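> what would the 3D arrangement of this be:
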Amino acid sequence: MTKLGAIITQAIVLEYGRDELLRRLAHPFWFQSFGCVMGMDWHSSGITTSVIGALKRGLTPMAGELGIHVCGGRGKNSRQTPDELIAIGNRVGIDGGALAQTSKLVAKVDSAAVQDGFDLYLHGFIVTDDGKWVVVQQGMNGDTQQARRYHWLSEGITSFVDSPHAAIEGRKQGEIVNLADHRADQSRKGQLDLLATLGPDRIVREVVALDPLLKPKESAQPMLPHLIMPAHHDVREENVNMKRLHGTLAAAADRGPEDFEQLLLMPGVGARTVKALAMVAEVVHGAPCRFSDPARFSLAHGGKDREPFPVPIKVYDETIRVMKSAVGKARLGRTEEFEALKRLDDQARQLERYVTGPDLKEIIAGEYRHSHEWGGRSVFGFEPPPEDGVEKRRG
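All right, here's what the predicted structure looks like:
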């Protein structure tokens, strides 16, 4: 995940720039799809930890080259974020102290101003050499064992307490007190006035006397991108836009032999790798509307939990090799491989309008038939040959 995440990031920066990478990381559907194409459990809260961790490991050695710095992480790593930002500021010449304050303020908003039953345990802060940033935080509800993710983007933000989030991911549950909502402006001002004029004891008495039926009606808050993952663990056809999936598979079959001739000469993995590359190409080039079904991207490299199938290690390694080659040559002005990847994505969009194909169960069954051949591996170990384990779908 570290290698693939880093090379996909490089491809996006090379083609679209650092600002576009930040925008994508702030988009919950793209973020989830990014984790899926890297082989993480497709609907797991662990995608957030894994993506931030993989990017931190993969991008730190090339921070000087890309101008992108990944700070924070889970648990104690999150508390080190301010110190990391100050050190980066001293190194590259941006205001690290202000960024450290931003980190603390963002964490405080999602832990105190937003009271939704989720306790923050992960804080990822990604900043560029010109001081632009994106924050991805995650909280856990211990009672339901469900997570909620909060996305922040410096671009366009005018206030940290007036609807500042780029997106929030998670299933609606229980009562939410959100003092960072733009509709809470009068409440925020009123609280400051009360503290100044009445003091805490008088406030308590006033609260006891309040009639809960006298709450004013509010206008609806503008909808943020809101991703809700299903409770079931397996990938089902209802979770996948099959027209897009069939378009991707058809593009790999049609465009692959033309653009990846040498790759296809490699026995056993060539054609399958092109299918994975077609999905990676969409993660690099796709518009936000293309990621409404993150589960589809788990079909690129499977999942470490064997859902929808074990990670085909040989295919994964080939994907990394091809992407590395394409990005490396593009840096030198030789863009033929990079353009071939983009043509895969373009072709998929054209073909999805009319192509059809097998249903999802048949596609997944095919992956299991070849899993041993492609070095299929999960947390349960390597996949056995078909005669021993093709029907044993889930460990």
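> what segments of the stretch 51-200 of the chain are helices?
Using DSSP state H, counting those that start in this stretch, the helices of the stretch 51-200 of the chain run over residues 63-66, 76-79, 81-92, 96-108, 185-197, 199-209.
> how about the stretch 201-350 of the chain?
Under the criterion DSSP H, counting those that start in this stretch, the stretch 201-350 of the chain carries helices at the ranges 242-259, 261-264, 270-285, 298-301, 313-331, 336-351.
> quick one: closest of the ones you listed to residue 40.
Closest approach to residue 40 among the helices of the stretch 201-350 of the chain is made by helix 298-301 (8.5 Å; Cβ to Cβ). Backbone N, C-alpha and C define where each C-beta goes, glycine included.
> next, the buried residues of the closest one.
298-301 (16 or more other Cβ atoms under 10 Å).
> got a list of contacts for that helix?
Applying Cβ atoms under 8 Å, 6 or more residues apart in numbering, the set of residues contacting helix 298-301 from outside is 4, 36-39, 42, 235, 240, 245, 275-276, 279-280, 307-308, 311-312, 315-316, 319, 363-364, 367.
> where does the stretch 51-200 of the chain have low pLDDT?
Within the stretch 51-200 of the chain, the stretches with pLDDT under 70 are 113, 115, 170-200.
> if we use 90, what do you get?
Across the stretch 51-200 of the chain, residues meeting the criterion (pLDDT under 90) sit at 108-118, 141-148, 156-200.
> quick one, grab the pLDDT at residue 289.
pLDDT, residue 289: 86.
> what about it, how many neighbours?
By other Cβ atoms under 10 Å, 7 other residues sit near residue 289.
> got the contact list for stretch 68-88?
Here stretch 68-88 makes contact (Cβ under 8 Å, 6+ apart) with 9, 13, 18, 21, 49, 52-53, 55-56, 59-60, 63, 92, 94, 96-97, 99-101, 103-104, 107, 120-129.
> give the buried residues for it.
Neighbour-count burial for stretch 68-88 flags 68-74, 77-78, 81-82, 84-86, 88 (criterion: 16+ other Cβ under 10 Å).
> just the terminal-to-terminal distance for it.
Distance between the two ends of stretch 68-88: 10 Å, counting by Cα to Cα, to the nearest Å.
> what's the answer for stretch 329-340, then?
One end of stretch 329-340 sits 12 Å from the other (Cα to Cα).
> contact partners for residue 248?
Residue 248 makes contact with 275, 278-279, 282, 296, 348, 352, according to Cβ under 8 Å, 6+ apart.
> quick check: the gap between it and residue 126.
From residue 248 across to residue 126, the span is 28 Å (Cβ to Cβ, to the nearest Å).
> beta partners of residue 312?
Taking DSSP bridges as the rule, residue 312 bridges to residue 376.
> what's the burial count for it?
28.
> now list the buried members of the contacts of stretch 68-88.
By 16+ other Cβ under 10 Å, the contacts of stretch 68-88 give 9, 13, 18, 21, 49, 52-53, 55-56, 59, 63, 92, 94, 96, 99-100, 103, 107, 120-129 as buried.
> re earlier: okay, the contacts of residue 248 in JSON lines with distance to residue 138, pLDDT and neighbour count next?
Rendered in JSON lines, the data for these read as follows (distance: Cβ to Cβ, whole Å; pLDDT from 0 to 100; neighbours: other Cβ atoms under 10 Å):
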{"residue": "275", "distance to residue 138": "31", "pLDDT": "93", "neighbour count": "22"}
{"residue": "278", "distance to residue 138": "30", "pLDDT": "94", "neighbour count": "25"}
{"residue": "279", "distance to residue 138": "25", "pLDDT": "96", "neighbour count": "28"}
{"residue": "282", "distance to residue 138": "25", "pLDDT": "95", "neighbour count": "26"}
{"residue": "296", "distance to residue 138": "23", "pLDDT": "96", "neighbour count": "26"}
{"residue": "348", "distance to residue 138": "31", "pLDDT": "93", "neighbour count": "27"}
{"residue": "352", "distance to residue 138": "32", "pLDDT": "93", "neighbour count": "19"}
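> mind putting these in CSV, distance to residue 254 included?
CSV is the format used below for the contacts of residue 248 (distance: Cβ to Cβ, whole Å):
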residue, distance to residue 254
275, 12
278, 10
279, 15
282, 16
296, 19
348, 10
352, 12
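> of those residues, which is the nearest to residue 166?
Nearest member of the contacts of residue 248 to residue 166, counting by Cβ to Cβ, is residue 282, at 21.2 Å.
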